[in-house]
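A.B. asks: everything below, folded, please.
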Amino acid sequence: MKMVKSLLLGTAAGLIAVGGAQAADLPVKAKAVEYVKICSLYGAGFYYIPGTDTCIKLGGYLRAEVALNAGGNYSAQYNGVFAANNRLTNYYSMRAREDLNIDTRTATEYGVVRTYFDAVFTWTTGNYGGTGSATGGTQYSGTIGLNAAGTGLTGSSGGAVNATDGGISGGALGVYYAFIQFAGFTLGKAVSQFDAPWINYPGNNFDQLVGGSGSTNGVVQATYTADFGQGVTAAFSVQDQTQFFTSNLWNTAGMSTTGVLGGAYGSNAIGGTRSPDIVGMVRVDQAWGLFQASVAAHDNHVGYYGATEVTGHPEDKWGWAVQLALQIKNIPTGAGDTINVSGVYTEGASRYNFQSLAATSYSMFGSSNAAYQSIGFAGVSDAVYAPGGGLELTKTYGFRGAYTHNWSPYWNTALYGAWAAVNYSGTVKGLICGSAAFATLTGACNPDFNIGQVGVITRWTPVKNLTFSADFTYSHLDQKYSGVITTGALTGVAKPAATYELKDQDTYSLLLRAQRNW
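C.D. replies: Below is the predicted model:
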């Protein structure tokens, strides 16, 4: 009997266990999985954002580079401690950068709605500038203040010390582009419509090429672009002039010898915003290449003659610029070879020639057989004035171009060059050369100048989207002064009170870069 009872209990327990296991294995309705779908409407790399009809593409690059005999932003040794040619000068500068861009597009009954965002995270080598202390103390560039122009760093003498990354070295975040495109309109921060399609880079990596416009970092704008078909487009734009399209507006009452030798002919007296720049562009873009004509109008608005508003002010004057650009493709020298050239003329709008990354002050030291050392200095402005007088607009003109040859699918080389000239009116020359800043000058006084640049770059792309490059650039500053000048100590660049010979100067730099696009 006990055996039968045990058997029945064991059987019941087994049935309960089997029943529980079967209940646990019953299917449960799972949540539907939303797979990311490829969006083929706008090219490779786009995907639909799940649950929407908007396509998105992520992209960017990582860059590592070292610049020899150059500034931190791959700027040539044109001013500050970089051009002092002494123990404060960097022999090299290093930089690492990550770029991220986000492109979204949605098809609508009005056409494609597009948004685009591009930001960079950068670390750059800084430098040390003099503090003016009797013991020769220096400070890292991140701890020295901006000068009045906001283009460099200032030592105790008022001379420029540095011009890297707006005076901020080390880690930094920057926003290049952030814009919306809809029904022919572009609203936000984008490349200027005045620029040629290659912006500052007809064939180079060198950042400071003169001879044309270039808004690599973008400019805030409102633009309407009309497409006439057959590759013909035209654009009308208003863009912010404040940061990237105003150079200097000098009040000669603020001139000093140390300032002049730093490339500044007075106090930079830029006033508040009154009008954006007005830009027009027409482009023909076809299989043979492209042709583009651009024009711009630029309002010059200064502060006051003196320290307060009761001193009065000059009236505004409009400047202007015109640029022609040409690209020739499919030339007989090889598949993919191109020629890019452009020329520009400006009056009261010098940034359309000396683009946003180019130097607008030059103060370069070298050797001399006639004095302690030699110096070549020059400055770029939109206009110059003196108390009681009106604005005198500055005229500039220049050109730049490049020829790129592909040796193979993996190697190419580009030869490039640029030249720009700055001419001041007779009135401005009288104001500058008649200033007490030139009281010790023995020789000819003429603030006009030219600058020429030539370079060669070779790129190797061993695998897709990974490129190694070497870019060599030579620059010549052709200044028009002669003789000698005596100055007090230029403590920001550790130069003593001495007599300096005025003469042309030369410099060169080499950039080695590795870049992975993704």
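
A.B. asks: nearest residue to the middle of the protein?
C.D. replies: The chain has Leu357 as the residue nearest its centroid, 3.8 Å off, counting by Cα atoms, centre = their mean.

A.B. asks: can you give me the distance of it to Arg400?
C.D. replies: Using Cβ to Cβ, to the nearest Å, one gets 13 Å for the distance from Leu357 to Arg400. No exception for glycine: its C-beta is placed from N, CA and C like everyone else's.

A.B. asks: just give the number of residues close to Asn412.
C.D. replies: Counted with other Cβ atoms under 10 Å, the neighbours of Asn412 add up to 22.

A.B. asks: next up, phi/psi of it, please.
C.D. replies: With angles defined as degrees, to the nearest 10, Asn412 sits at phi -150, psi 160.

A.B. asks: and it, how far from Gly289?
C.D. replies: Look at Asn412 and Gly289: by Cβ to Cβ, they are 17 Å apart.

A.B. asks: now do the helix or strand Thr507 falls within: distance to the chain's middle.
C.D. replies: For Thr507, the host element (DSSP states H and E) is strand 505-517. Once both centres are worked out by Cα atoms, centre = their mean, to the nearest Å, strand 505-517 turns out to sit 15 Å from its chain's centre.

A.B. asks: repeat for stretch 425-440
C.D. replies: 32 Å.

A.B. asks: end-to-end on it?
C.D. replies: 23 Å (Cα to Cα, to the nearest Å).

A.B. asks: stretch 127-140 now?
C.D. replies: Span of stretch 127-140 from end to end, Cα to Cα: 6 Å.

A.B. asks: list the buried residues of that stretch.
C.D. replies: Of the residues in stretch 127-140, Asn127, Tyr128, Gly129, Gly130, Thr131, Thr138, Gln139 count as buried by neighbour count, 16 or more other Cβ atoms under 10 Å.

A.B. asks: tell me the one of these nearest Ala371?
C.D. replies: Checking the buried residues of stretch 127-140 against Ala371 by Cβ to Cβ gives Gly130 as the nearest, at 20.9 Å.

A.B. asks: what distance do you get for the closest one to Val493?
C.D. replies: On the measure of Cβ to Cβ, Gly130 and Val493 end up 7 Å apart.

A.B. asks: picking up where we left off before, just the buried residues of stretch 127-140: which are in helices?
C.D. replies: Residues of the buried residues of stretch 127-140 located in helices (DSSP state H): none.

A.B. asks: need those in CSV (columns: distance to Ser408 and pLDDT).
C.D. replies: Shown next, in CSV, are the buried residues of stretch 127-140 (distance: Cβ to Cβ, whole Å; pLDDT from 0 to 100):
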residue, distance to Ser408, pLDDT
Asn127, 39, 82
Tyr128, 44, 85
Gly129, 45, 83
Gly130, 49, 83
Thr131, 53, 82
Thr138, 48, 86
Gln139, 49, 85
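
A.B. asks: max pairwise distance over the residues you listed: which two?
C.D. replies: It's Asn127 and Thr131 that sit farthest apart of those, by Cβ to Cβ, at 13.4 Å.

A.B. asks: doesn't the residue nearest to the centre of the chain lie inside a helix?
C.D. replies: No: Leu357 is assigned coil when assessed by DSSP: H, G, I helix; E, B strand; the rest coil, not a helix.

A.B. asks: which non-adjacent residue is nearest it?
C.D. replies: Distances taken as Cβ to Cβ, 6 or more residues apart in numbering put Asp207 closest to Leu357, at 4.6 Å, once the chain neighbours are dropped.

A.B. asks: tell me which other helices or strands the strand holding Thr507 touches.
C.D. replies: strand 54-68, strand 361-366, strand 373-379, strand 466-479 (3 or more Cβ pairs under 8 Å, 6 or more residues apart in numbering; DSSP states H and E).

A.B. asks: can you show me the CA trace of that strand as CSV?
C.D. replies: Output in CSV follows, covering the C-alpha atoms of strand 505-517 (Å, rounded to 0.1, in the frame of the first residue of the first chain):
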residue,chain,number,x,y,z
GLN,A,505,61.3,89.9,-44.9
ASP,A,506,60.9,86.2,-45.9
THR,A,507,59.6,83.2,-44.0
TYR,A,508,58.6,79.6,-44.8
SER,A,509,56.7,76.8,-43.1
LEU,A,510,56.0,73.1,-43.4
LEU,A,511,52.8,71.3,-42.4
LEU,A,512,52.7,67.5,-42.0
ARG,A,513,49.2,66.2,-41.6
ALA,A,514,47.4,62.9,-41.2
GLN,A,515,43.6,62.9,-41.7
ARG,A,516,41.0,60.2,-41.5
ASN,A,517,37.6,61.1,-43.0
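
A.B. asks: what's the mean pLDDT across that strand?
C.D. replies: In this model, strand 505-517 has an average pLDDT of 97.

A.B. asks: surely the residue nearest to the centre of the chain is in contact with Thr216?
C.D. replies: Yes: counting by Cβ atoms under 8 Å, Thr216 is a contact partner of Leu357 at 6.2 Å.

A.B. asks: which residues are in contact with both of these two?
C.D. replies: Residues touching both Leu357 and Thr216 (Cβ atoms under 8 Å, 6 or more residues apart in numbering) are Asn200, Asp207.

A.B. asks: return the distance of Cys466 relative to Ala119.
C.D. replies: For the record, residue 466 is Leu, not Cys. From Leu466 over to Ala119 the distance is 22 Å, taken as Cβ to Cβ.

A.B. asks: likewise for Asn69?
C.D. replies: Asn69 is 30 Å from Ala119, where distance means Cβ to Cβ.

A.B. asks: list the beta-bridge partners for Ala325.
C.D. replies: Under DSSP bridges, the beta-bridge partners of Ala325 are Gln292, Ser342.

A.B. asks: surely it and Gln292 touch.
C.D. replies: Yes: if you go by Cβ under 8 Å, Ala325 and Gln292 touch, sitting 4.4 Å apart.

A.B. asks: before we move on, back to that, dump the buried residues of stretch 127-140 into JSON lines; add distance to Thr108 as well.
C.D. replies: Rendered in JSON lines, the data for the buried residues of stretch 127-140 read as follows (distance: Cβ to Cβ, whole Å):
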{"residue": "Asn127", "distance to Thr108": "50"}
{"residue": "Tyr128", "distance to Thr108": "55"}
{"residue": "Gly129", "distance to Thr108": "54"}
{"residue": "Gly130", "distance to Thr108": "59"}
{"residue": "Thr131", "distance to Thr108": "59"}
{"residue": "Thr138", "distance to Thr108": "58"}
{"residue": "Gln139", "distance to Thr108": "55"}
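
A.B. asks: just name the closest of those to Val428, please.
C.D. replies: Closest to Val428, out of all of the buried residues of stretch 127-140 and judged by Cβ to Cβ, is Gly129, at 30.0 Å.

A.B. asks: separation between that closest one and Gly80?
C.D. replies: For Gly129 relative to Gly80 (Cβ to Cβ), the value is 7 Å.

A.B. asks: what residues are up against Ala296?
C.D. replies: Taking Cβ under 8 Å, 6+ apart, one finds Phe194, Ser213, Asp277, Ile278, Val279, Gly280, Trp320, Ala321, Val322, Ala349, Tyr352 in contact with Ala296.
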